[in-house]
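In: Model the structure of this input:
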Amino acid sequence: MKTTVIDRELLAKAIYTLSRCDFRFGKYLFVTGTDPFSVLCGLLARESGAAAVVFCVDSAAEKQRMERMGFTAYDPELDETASIVRQVTNGRKFDVVIETTGQLAAYERLVQMVRRGAAVALLVGAERPFYFHICDVIRDQIRFVGIRNADERSCRIADDMIRTGKLGRMKQTVQNGV
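Out: As a prediction, the model looks like this:
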């Protein structure tokens, strides 16, 4: 059996991101990537009582992997956006979106999927994402949050989760999806 190791820095960054988005019990989360950071955000959200966590995938293999982990997977090439939003959120739309791909097509889709006042976390690297000028146009409708390294509080929470063994179910979920 493959051993799953959850990186402390990545865990702290995921905690920090959900905290910045004011993620709480009962909210709907949409994640545009399936990289380790994105998966950790989804796992933490589910453990925190998310009403639903949906991942946007770009291949049948990714869709199967996310479904094995117990998530709803959405392929924009095969699934209609409006249908997924209605089905998963009962027409309410998503409260929080974590956008890690940096692709303009993903950004354009997520604008259709979020409710007014939703938090959208954008992965911010060394370069300013090319779609930030669009963000300025709808800033009054959506709250944009930059994703960067975790703060000290998030690091302490991650250390506590690791020390007390609270990651057991999350590790098992990741192993099932491998």
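
In: Low-confidence bits of this protein, can you list those?
Out: For the chain, the stretches with pLDDT under 70 are 1-5, 104-108, 123-141, 168-178.

In: quick one, phi/psi of the residue nearest the centre of the chain?
Out: The residue lying closest to the centre of the chain (CA atoms, centre = their mean) is Val31, at 3.6 Å. Main-chain torsions, Val31, degrees, to the nearest 10: phi -120, psi 130.

In: Then Asp35?
Out: Torsion angles, degrees, to the nearest 10, at Asp35: phi -70, psi 170.

In: ditto for Thr72
Out: Note on Thr72: its backbone torsions stand at phi -80, psi 130 [degrees, to the nearest 10].

In: What separation is there between it and Ile157?
Out: To Ile157, Thr72 is 26 Å away according to CB to CB, to the nearest Å. In short, each C-beta sits where N, CA and C put it, glycine included.

In: any idea whether Gly146 is helix, strand or coil?
Out: strand (DSSP: H, G, I helix; E, B strand; the rest coil).

In: ok, now Gly165?
Out: Applying three-state DSSP: Gly165 is coil.

In: helices or strands up against the longest strand anywhere in the chain?
Out: For the chain, the longest strand by residue count, based on DSSP state E, is strand 114-123. Contacts defined by 3 or more CB pairs under 8 Å, 6 or more residues apart in numbering; DSSP states H and E place strand 114-123 against helix 8-20, strand 94-99, strand 143-147.

In: which parts of it are buried?
Out: Residues of strand 114-123 classed as buried by neighbour count (16 or more other CB atoms under 10 Å): 114-115, 118-123.

In: Closest to Leu10 out of those residues?
Out: Leu123 (12.5 Å; CB to CB).

In: so how far is the helix or strand harbouring Phe55 off the chain centroid?
Out: Assignment of secondary structure by DSSP states H and E places Phe55 within strand 52-56. On the basis of CA atoms, centre = their mean, to the nearest Å, strand 52-56 sits 7 Å off its chain's mean C-alpha point.

In: cool, stretch 32-49 as well?
Out: With CA atoms, centre = their mean as the basis, stretch 32-49 stands 5 Å off its chain's centre.

In: surely Thr81 meets Arg109?
Out: Yes - taking contacts as CB atoms under 8 Å, Thr81 lies within contact range of Arg109: 5.7 Å.

In: OK, contacts around Arg14?
Out: Quick fix: residue 14 is Ala, not Arg. Going by CB atoms under 8 Å, 6 or more residues apart in numbering, Ala14 touches 37, 40-41, 44.

In: who wins for most neighbours among the residues you listed?
Out: In terms of neighbours by other CB atoms under 10 Å, these top out with Cys41 at 29 neighbours.
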